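In: Structure, please.
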Amino acid sequence: MAKIFQVSARAGMTRVVEPIARALLRAGVTPNVVTVAGTVGVLVGALGFGARGHLVAGALIVTVFALTDLLDGTMARMSGGSTRFGAFLDSSMDRVADSAVFGAVAYWLATRGDHSGVAAALLCLAAGGLVSYVKARAEGLGMTCNVGIAERTERLLIVGVGGILTGVGVKPALEIALWLLAAISIFTVGQRMAHVYRQAQQLQPDGRA
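Out: Model (predicted):
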């Protein structure tokens, strides 16, 4: 199934990112440094701005630094491929950043007494972690799991748009975005589990999953 964030858009962004990646590599900057710097930027945007109610600034900062996922990946490819530790670090920092984003959103909504919004934010956090875990566990068992309508980039874009719209006065936008995101995240978990189940059946000689 096609992703929400189309492959053509990703390819276009990659063409923009490649010159920056080359410049950083020439300057001696490693992909791992970019990974950590991107996470720090997301933490600043989420906790320093979003949690304090500066939703537009927070969403824009988070979006900019979340795009380092493309940058560090491009740098790793240009320098000969990602190392095992680089892949581990990237995945770990993604979880830190996601926790900060949805934790900040939940905190801000809680200060406003929006219990429904808090529930949606926590559900997004749990479902988003499960989306990533299912893929990692499948790959650890030797299977693939590159399916789903809402991967990490899509999830951050949805909550970012909701935050910006709420910040400019469209009050229910963030909560609507969170409930939409929770629904498609849960659906993505189902897609991935079904995909892995089919693979497991094919790999098991007696047909058992």
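In: From here on, just use CA atoms for contacts and neighbour counts.
Out: Noted.
In: residue contacts, the residue nearest the centre of the chain?
Out: Nearest to the centroid of the C-alpha atoms of the chain, with distances taken as C-alpha atoms, centre = their mean, sits R152, at 2.5 Å. R152 makes contacts with G128, as judged by C-alpha atoms under 8 Å, 6 or more residues apart in numbering.
In: what's the answer for the one 5 residues further on, then?
Out: By C-alpha under 8 Å, 6+ apart, L157 lies in contact with T63.
In: Next, the buried residues of the helix or strand harbouring it.
Out: Using DSSP states H and E, L157 falls within helix 152-167. Judged by neighbour count (16 or more other C-alpha atoms under 10 Å), helix 152-167 contains these buried residues: 152, 154-167.
In: ditto for stretch 131-150
Out: By neighbour count, with 16+ other C-alpha under 10 Å as the criterion, the buried positions of stretch 131-150 are 131-132, 134-136, 138, 143-145, 147-150.
In: which among the buried residues of helix 152-167 gets closest to V56?
Out: Comparing the buried residues of helix 152-167 against V56 with C-alpha to C-alpha picks out I164 as the nearest, at 4.6 Å.
In: if I look at the closest residue to that closest one other than its chain neighbours, how far off is E154?
Out: Here the nearest residue to I164 in space, its sequence neighbours aside, is V56; by C-alpha to C-alpha, 6 or more residues apart in numbering that works out to 4.6 Å. Between V56 and E154 the distance, using C-alpha to C-alpha, to the nearest Å, works out to 18 Å.
In: And for V196?
Out: Separation of V196 from E154 (C-alpha to C-alpha): 21 Å.
In: same thing with M193?
Out: Plainly put, M193 is 19 Å away from E154 if you go by C-alpha to C-alpha.
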